[in-house]
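Trainee: using only what follows, build the 3D model:
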Amino acid sequence: MNKETYEKYEPVIGLEIHAQLLTESKAFSSSSTKFGASPNTNTDPITLAHPGTLPVLNRKVVDYAIMMGLATNSKIRERNLFARKNYFYQDLPKGYQISQDNTPICYDGYLVIELDEVNTKHIGITRIHMEEDSGKSIHDLDIDTLVDFNRAGVALIEIVSEPDIRSSGEAYLYLTQLKQILVYLGINTGNMEEGALRVDANISVRPKGREKFGTRTEVKNLNSFRNVEKAIDYEIKRQIELIKQGGEVRQVTMQWDGNANQTKEMRTKEMSHDYRYFPEPDLPPLIVKEDWVERIRATMPELPLARKSRLIEQYEIPNYDASVLVAEKEIADFYEEAINKLENKNAGNNKLVSNWVMTEIMRMIQDRDTLVSDLKIKPYHISEIVDLVSTGTISNTIAKDIFSEVELGKSPKEIVEEKGLKQVSDTSFIDDLVKEVIVANPESVEKFKSGNAKVKGFFVGQVMKESKGKANPQIVSDLVDKYLQDA
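Mentor: Residues are numbered from 1 along each chain as shown. Take a look at the predicted model:
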């Protein structure tokens with residue numbers, strides 16, 4: 001199908017994100033939420049729905065839901081009711097989930113995404129509600145389907161967006177921003193591999209200019225942000241091609257097959273009435289007063305976009321640098337701690353620190369598949385390197401040469417002192433070296449005279465080599481210029 005055909009249609013996308021909350025105990029019982037425990041050990045009579053057991057709401061779940069509501073500019077509901085969401089599956093011990101139906105704790109919010117350095121877009125947040133997770137069915141063993149109830153009852157918030165997203169790229173930006181907020185708040189790990197974040201995408205298409213939405217499908221089993229992008233793009237293409245061929249999009253639930261890179265139909269889409277919601281009789285209404293909300297507001301940390309703006313203004317670093325640094329809270333913390341430990345504080349050095357963090361520190365994290373907090377190199381090591389380079393004590397070449405030792409946690413200042421690596425700025429010493437190199441390379445001098453200006457780099461390199469990287473490169477460059485002009 002040609003490009004013009006696709007351009008006649010507009011995708012309409014809404015996302016539903018289930019985020020596991022970092023509470024030590026479950027939503028309505030005291031059993032542990034520790035990930036990786038042996039199957040069916042994080043359970044108790046409430047989790048397993050023994051007769052006569054009653055749920056007790058975990059206050060931390062409410063705190064975290066309020067926190068996320070405030071972070072997404074949502075209204076916080078004062079009178080909250082819980083409901084039973086009924087469906088039958090082997091990993092749901094009670095035969096229902098405790099959730100919220102018509103009274104989500106957070107509603108009518110929005111999230112700002114940055115489309116580029118200039119343009120932003122508001123994505124509406126329809127609702128954020130609290131609920132408990134189901135267990136986990138394991139189908140890939142030869143013996144039979146097994147069930148692990150460790151996850152059953154773990155606290156979740158479900159974040160439902162408005163259908164404001166118009167491309168897979170916008171969906172990726174929205175999810176990235178949402179994940180950053182959850183991690184900055186300290187209420188979710190952001191780890192999709194462990195199921196801490198699970199994404200469902202509602203996708204439809206309509207002719208451009210039409211207000212009425214098309215029939216939507218819901219795509220499940222999206223276990224990475226990249227798969228969210230791929231699934232959305234595939235489903236948009238599938239629906240457009242189906243419509244152009246005279247077919248109709250059916251309201252069904254689709255599954256993303258990562259191996260085949262395509263969506264596959266699972267079942268007809270459930271509607272709200274299919275779950276037979278009714279009020280949870282074992283939990284009283286939850287009243288969230290204004291003082292509770294304000295107490296949570298007072299504990300809120302600085303959020304990613306606000307931190308990015310502050311880094312740009314306070315440290316005068318580029319937009320790109322700030323975006324990279326704030327993507328991971330630990331990286332941004334590392335950067336700011338390194339800045340605070342600088343002896344020579346200025347915008348140039350702030351940029352040098354960001355360069356070292358974005359290249360060497362992030363390379364180490366990726367190569368070793370670890371966290372910045374687990375590295376032996378600490379923020380003050382980067383501060384020392386930048387101070388040594390910016391004061392001319394060592395060259396950039398020396399700084400890179402000693403970094404393998406700094407990675408092991410050794411002080412750059414100590415390494416420079418022990419190995420006698422301080423940069424030489426003695427003009428007479430460098431002057432003699434430059435003369436020797438020029439005299440030893442008459443053919444290269446002739447090339448320079450013939451108009452090959454690139455030869456200058458050869459001479460600078462030779463002088464730096466002779467000085468074992470210690471000569472001040474600016475003085476070397478100036479003297480090479482002088483003697484080549486006079487040669």
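Trainee: what are the boundaries of the helices in the stretch 351-487 of the chain?
Mentor: Here the stretch 351-487 of the chain has its helices, by DSSP state H, counting those that start in this stretch, at 362-368, 379-390, 396-406, 412-419, 427-440, 442-449, 455-466, 473-486.
Trainee: between those, which gets nearest to residue 258?
Mentor: Proximity to residue 258, assessed across the helices of the stretch 351-487 of the chain by Cβ to Cβ, is greatest for helix 362-368 (22.4 Å). (C-beta placed from N, C-alpha, C; glycine too.)
Trainee: what's around the nearest residue to residue 376 once chain neighbours are set aside, how many residues?
Mentor: Spatial nearest neighbour of residue 376, excluding adjacent residues (Cβ to Cβ, 6 or more residues apart in numbering): residue 409 at 3.5 Å. Residue 409: 11 surrounding residues under other Cβ atoms under 10 Å.
Trainee: please give the element, helix or strand, for residue 189.
Mentor: Here residue 189 sits in a region with no helix or strand, counting by DSSP states H and E.
Trainee: also residue 98?
Mentor: strand 96-99.
Trainee: which strands and helices sit next to that strand?
Mentor: With contacts defined as 3 or more Cβ pairs under 8 Å, 6 or more residues apart in numbering; DSSP states H and E, strand 96-99 has these neighbours: strand 83-86, strand 120-132.
Trainee: try 10 Å
Mentor: On a contact count with 3 or more Cβ pairs under 10 Å, 6 or more residues apart in numbering; DSSP states H and E, strand 96-99 meets strand 83-86, strand 120-132, strand 155-161.
Trainee: output that strand as PDB, restricted to C-alpha atoms.
Mentor: Provided in PDB are the C-alpha atoms of strand 96-99 (Å, rounded to 0.1, in the frame of the first residue of the first chain):
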ATOM      1  CA  TYR A  96     -12.300 -11.800  41.500                       C
ATOM      2  CA  GLN A  97      -9.800  -8.900  41.900                       C
ATOM      3  CA  ILE A  98     -10.300  -6.100  44.400                       C
ATOM      4  CA  SER A  99     -10.100  -3.000  42.200                       C
END
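Trainee: hmm, who's touching it?
Mentor: Here strand 96-99 makes contact (Cβ atoms under 10 Å, 6 or more residues apart in numbering) with 27-28, 49, 55, 57, 82-88, 129-134, 152-153, 156, 158, 275-278, 280, 282-283.
Trainee: closest to residue 73 out of the helices of the stretch 351-487 of the chain?
Mentor: Residue 73 lies closest, by Cβ to Cβ, to one member of the helices of the stretch 351-487 of the chain: helix 362-368, at 30.8 Å.
Trainee: which parts of the stretch 1-150 of the chain are strands?
Mentor: Along the stretch 1-150 of the chain, counting by DSSP state E, counting those that start in this stretch, strands occupy 9-20, 75-76, 79-80, 83-86, 96-99, 106-114, 120-132, 136-138, 146-148.
Trainee: average pLDDT for the second one?
Mentor: What it means is strand 75-76. Averaging pLDDT along strand 75-76 gives 98.
Trainee: what do you get for the fourth one?
Mentor: Model confidence over strand 83-86 averages 93 on the pLDDT scale.
Trainee: that older thread, quick one: closest of the helices of the stretch 351-487 of the chain to residue 198.
Mentor: With Cβ to Cβ as the criterion, residue 198 lies closest to helix 362-368 of these, at 25.0 Å.
Trainee: which elements pack onto the closest one?
Mentor: Packed against helix 362-368 by the contact rule (3+ Cβ pairs under 10 Å, 6+ apart) you find helix 329-340.
Trainee: tell me where the model's unsure across the protein.
Mentor: 1-6, 140-143, 268-273, 423-426, 486-487 (pLDDT under 70).
Trainee: excluding its backbone neighbours, what's nearest residue 233?
Mentor: In space, and not counting its chain neighbours, residue 233 is closest to residue 168: 4.9 Å by Cβ to Cβ, 6+ apart.
Trainee: nearest residue to residue 456 other than its sequence neighbours?
Mentor: Nearest residue to residue 456, sequence neighbours excluded (Cβ to Cβ, 6+ apart): residue 480, at 5.9 Å.
Trainee: that neighbour against residue 437, yeah?
Mentor: Yes. In this structure, residue 480 is within contact of residue 437 by Cβ atoms under 10 Å, at 8.2 Å.
Trainee: need the overlap of contacts for those two.
Mentor: 458-463.
Trainee: which among those residues end up buried?
Mentor: The neighbour count (16 or more other Cβ atoms under 10 Å) marks 458-460, 462-463 as buried among the shared contacts of residue 480 and residue 437.
Trainee: return the closest of the residues you listed with respect to residue 341.
Mentor: Of all those, residue 341 sits closest to residue 460, with 32.5 Å by Cβ to Cβ.
Trainee: show me the contact partners of stretch 440-450.
Mentor: The set of residues external to stretch 440-450 that reach it, using Cβ under 10 Å, 6+ apart, is 437-439, 452-456, 458-459, 462, 466, 480, 483-485, 487.
Trainee: so which bits of that stretch are buried?
Mentor: 441, 444-445, 448.
Trainee: in TSV: those, plus distance to residue 98.
Mentor: TSV is the format used below for these (distance: Cβ to Cβ, whole Å):
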residue	distance to residue 98
441	81
444	80
445	84
448	80
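Trainee: tell me the domain ranges of the chain?
Mentor: Using automatic domain parsing, the domain ranges for the chain come out as 3-297, 304-419, 427-486.
Trainee: how many neighbours does the residue lying closest to residue 60 once chain neighbours are set aside have?
Mentor: Once flanking residues are discounted, residue 60 sits nearest to residue 23: 4.7 Å by Cβ to Cβ, 6+ apart. Neighbourhood size, residue 23 [other Cβ under 10 Å]: 17.
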